[in-house]
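Chemist: make a model of this:
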Amino acid sequence: MGRRLKVTAEQAREAEEYLGRYLAAAQPRLEWLRELAVRTGGPTADQLSYGRDSLVPLWTWARGQFKLRPQDAQLDFVEKDGHRYYVPRHGDVPMWYGRRGVQAPHHWSDETLQLIDALVYYLAECLLRAVPGSRWEIFHAAVRNHIDENQPVLTGFGQPVELIMPMMNVTGGVWRDMNPDEPNPYRLGGATPDDLQKWYDALVDNAPRA
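Modeler: Sure, this is the predicted structure:
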């Protein structure tokens, strides 16, 4: 996927190992999502069919499960490989947390971070089923310091699709709904029931036709 710039063999090997671990964690997390939905009145197992129509009931339910981390929770500041972010002390965070400093949303509770993790896996599975030939790969850019360098992406959609950072934006709408009085200089809107479905549609529509 392009010519590598400033990526060592060790970094490339680490990224492939990370992809293997990330994909191995998908099925357990998706099973956790189904169990959480059943336990909390969410979509049924039949509704969670990995189809387009499942995304509205999934997101409608999921938004109500989001919880903020207590403001007095202990955080540790991390500065590593040029990234700066906070990690909840004694927290149980997804493996992607802090892989880039911009994907370390410490304001969400541990279970909410796990839910975000599950939503990414679920949307990915929906997309993989919808677009023949799509697959997970590690992104390598033809330019220096690309934000997605060495990150897992889906290919087969015209452009490589990285899902975690866009999911940060989608979940930001939930944060806005929970904090309506906070400053909003960019006039960001709140979450809507079809956020995931609209995102799915945009990606599928962009995929090359056979």
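Chemist: pLDDT on stretch 198-210, on average?
Modeler: Taken as a whole, stretch 198-210 has a mean pLDDT of 93.
Chemist: next one: that stretch to chain centre, how far?
Modeler: Stretch 198-210 has its C-alpha centroid displaced from the chain centroid by 18 Å (C-alpha atoms, centre = their mean, to the nearest Å).
Chemist: identify the residues contacting it?
Modeler: 52, 55, 123, 126-127, 130-132, 134, 156-159, 161, 166, 170 (C-beta atoms under 8 Å, 6 or more residues apart in numbering). Glycine gets a C-beta too; all of them are placed from N, C-alpha and C.
Chemist: in that stretch, what counts as buried?
Modeler: Residues W199, Y200, L203, A207 are the ones in stretch 198-210 that count as buried (16 or more other C-beta atoms under 10 Å).
Chemist: out of those, which sit inside helices?
Modeler: Cross-referencing those against helices under DSSP state H gives W199, Y200, L203.
Chemist: can you lay out these as JSON lines showing distance to L33?
Modeler: Below are these laid out as JSON lines (distance: C-beta to C-beta, whole Å):
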{"residue": "W199", "distance to L33": "17"}
{"residue": "Y200", "distance to L33": "16"}
{"residue": "L203", "distance to L33": "20"}
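Chemist: quick revisit: quick check: the farthest pair among the contacts of stretch 198-210?
Modeler: P132 and V170 (25.5 Å; C-beta to C-beta).
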